[in-house]
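Participant: have a look at this prediction, sequence included:
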Amino acid sequence: MKTTKHILIAVIGVIAAGSTACEEDNALHPWGENTLVGDLGAVTVLTTEGTPGGAVITYRLPESKDLLYVKALYTVGESTPMEVRTSRYDHSVTLQGFGDTQPREVTLLCVDKMENEGPAVTTSVTPLTPPITSVYNSLNIGTTFGGIYIDYINADKGNIAIHVQTLDEENNPYEPTVHYTSSDRGRIFVRGFKAEARTFDIYITDRWGNRSQTLSESHTPYPESLLDKSKFAEFKLDNDIACNAWGGSLSYAWNDDFTPPLFVHSPGGDTFPMSFTFDMGQTAKLSRYKFYHLFREDYAYQRGNLKRWEVWGRTDTPPTDGTWEGWTKLLDCESFKPSGLPVGEISGDDWEYLQQGEDFEFPPTAPEVRYIRFKVLETWGGDDFIHFQEFTFWGNPAEEIRTGETDETH
């Protein structure tokens, strides 16, 4: 019992000692003797230069052996405090987060390892036009099938969010989409609406809480129907490529299942152009289609994913010999990569864009068709095979055009 008691006392002593040590050794505070070697001094501001939504301040450091870093203090948005630190080896500080071009005051302080601060130096900076404003000024809104499209230019590649707001069926405001991007340009589609006049409000925000003005426009979406995929069927012509390699099948292109193994995949060894054909099982005036590349991030914008292709169509049953006589080219298509990075490199914007599917619109002059033929001209990886996940077509079936009925299902 004595031995157990002595061990218990020893353990309690160790815990108490550790507790005391923790209280004394707080990692959140500087450690060591608080000594100041000479005057810490202050920076000497040399230049200030405005940048889009920010500024760069260059300075000369004081001759202090104790200097650890320089910190800049300023505010953004609704008086939100900001602090930026630069090491003793830097001679400039970059500021971000300004939502306008008004002059702003910035305070610079020299700090040593014990968090002692030298004299404050205040200077003024004048930011250039922030991305939320330049992107807002670039907005171009247009009417499309089932909704609107928004073209934007983000020359400074700012991290911004494009908000689209409208009213629901109970006249309550809601946002059908918020598009986050740092790409230098792009087009957003906002769909799912009936062919009725509707007001759309568009504005831009950034991660510092800054917000642009609001652009309000009224648009009446063009009517269209989601074509019935259950009527689709492969119609292989003599010179079409096989689409059944690696367990794939052309029928997987319209099964609404985006599981990666359920893909379209050719065996390889073919030469460009490569073609495949299918029957929609209905004659329709096509409005647009959405194309989904293979749903694997490690394959994005490479290997057999389509880069350039054409879509052809006809109404009558095509001859099986595969001749192009009697076919009409409906559309030239090219896959878009938001980042512009080389093959093998992708950004978050790239992968998000591919997951949403690529939108392609048919020209109003395109004729009614029943049979569709893809002519593949180039893949992203330059490979001699193709693979993709799914596609969906919209338009107005011929019988609906004749009767004036339109099923606006999106």
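Facilitator: Nice, I can see it.
Participant: quick one: end-to-end distance for stretch 46-64.
Facilitator: 18 Å (Cα to Cα, to the nearest Å).
Participant: mean confidence for that stretch?
Facilitator: Averaging pLDDT along stretch 46-64 gives 97.
Participant: so which bits of that stretch are buried?
Facilitator: T48, G50, T51, P52, G53, G54, A55, I57, Y59, L61, P62, S64 (16 or more other Cβ atoms under 10 Å). Glycine gets a C-beta too; all of them are placed from N, C-alpha and C.
Participant: confirm L354 sits in a helix?
Facilitator: Yes. Read with DSSP: H, G, I helix; E, B strand; the rest coil, L354 is one of the residues of a helix.
Participant: my read: it touches H293, true?
Facilitator: Yes. Judged on Cβ atoms under 8 Å, L354 makes contact with H293 at a distance of 5.3 Å.
Participant: which residues are common contacts for the two?
Facilitator: A300 (Cβ atoms under 8 Å, 6 or more residues apart in numbering).
Participant: circling back: identify the farthest-apart pair in the buried residues of stretch 46-64.
Facilitator: Spatially, the most separated pair among the buried residues of stretch 46-64 is P52 and S64, at 33.8 Å (Cβ to Cβ).
Participant: nearest residue to the most centrally placed residue in the chain other than its sequence neighbours?
Facilitator: In the chain, the centroid-proximal residue (Cα atoms, centre = their mean) is D349; its distance is 3.1 Å. Leaving aside its chain neighbours, D349 sits nearest to P338 (4.4 Å; criterion: Cβ to Cβ, 6 or more residues apart in numbering).
Participant: how many other residues sit next to the one you found?
Facilitator: By other Cβ atoms under 10 Å, the residues close to P338 number 20.
Participant: per-residue pLDDT, it?
Facilitator: 92.
Participant: quick one: the strands in the stretch 1-150 of the chain?
Facilitator: Assigned by DSSP state E, counting those that start in this stretch, the stretch 1-150 of the chain shows strands spanning 44-51, 54-60, 67-76, 80-87, 92-96, 104-112, 121-125, 140-144, 147-153.
Participant: can you redo these as CSV with distance to K229?
Facilitator: CSV is the format used below for the strands of the stretch 1-150 of the chain (distance: least, Cβ to Cβ, whole Å):
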stretch, distance to K229
strand 44-51, 50
strand 54-60, 49
strand 67-76, 49
strand 80-87, 50
strand 92-96, 47
strand 104-112, 56
strand 121-125, 57
strand 140-144, 21
strand 147-153, 21
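Participant: so where's the stretch 251-400 of the chain shaky on pLDDT?
Facilitator: Within the stretch 251-400 of the chain, the stretches with pLDDT under 70 are 399-400.
Participant: now with 90, please.
Facilitator: Counting by pLDDT under 90, the stretch 251-400 of the chain has low-confidence residues at 259-261, 295, 364, 398-400.
Participant: one more: the stretch 1-150 of the chain?
Facilitator: The low-confidence ranges in the stretch 1-150 of the chain, as defined by pLDDT under 90, are 1-40, 64-66, 77-79, 113-114.
Participant: contacts only, for R198.
Facilitator: Contacts of R198 by Cβ under 8 Å, 6+ apart are T166, L167, S218, H219, T220, P221.
Participant: just send those back as JSON lines, with neighbour count, pLDDT and secondary structure too.
Facilitator: What follows is the contacts of R198, written out as JSON lines (neighbours: other Cβ atoms under 10 Å; pLDDT from 0 to 100; DSSP: H, G, I helix; E, B strand; the rest coil):
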{"residue": "T166", "neighbour count": "19", "pLDDT": "98", "secondary structure": "strand"}
{"residue": "L167", "neighbour count": "13", "pLDDT": "97", "secondary structure": "strand"}
{"residue": "S218", "neighbour count": "9", "pLDDT": "98", "secondary structure": "strand"}
{"residue": "H219", "neighbour count": "20", "pLDDT": "97", "secondary structure": "strand"}
{"residue": "T220", "neighbour count": "13", "pLDDT": "97", "secondary structure": "coil"}
{"residue": "P221", "neighbour count": "22", "pLDDT": "95", "secondary structure": "coil"}
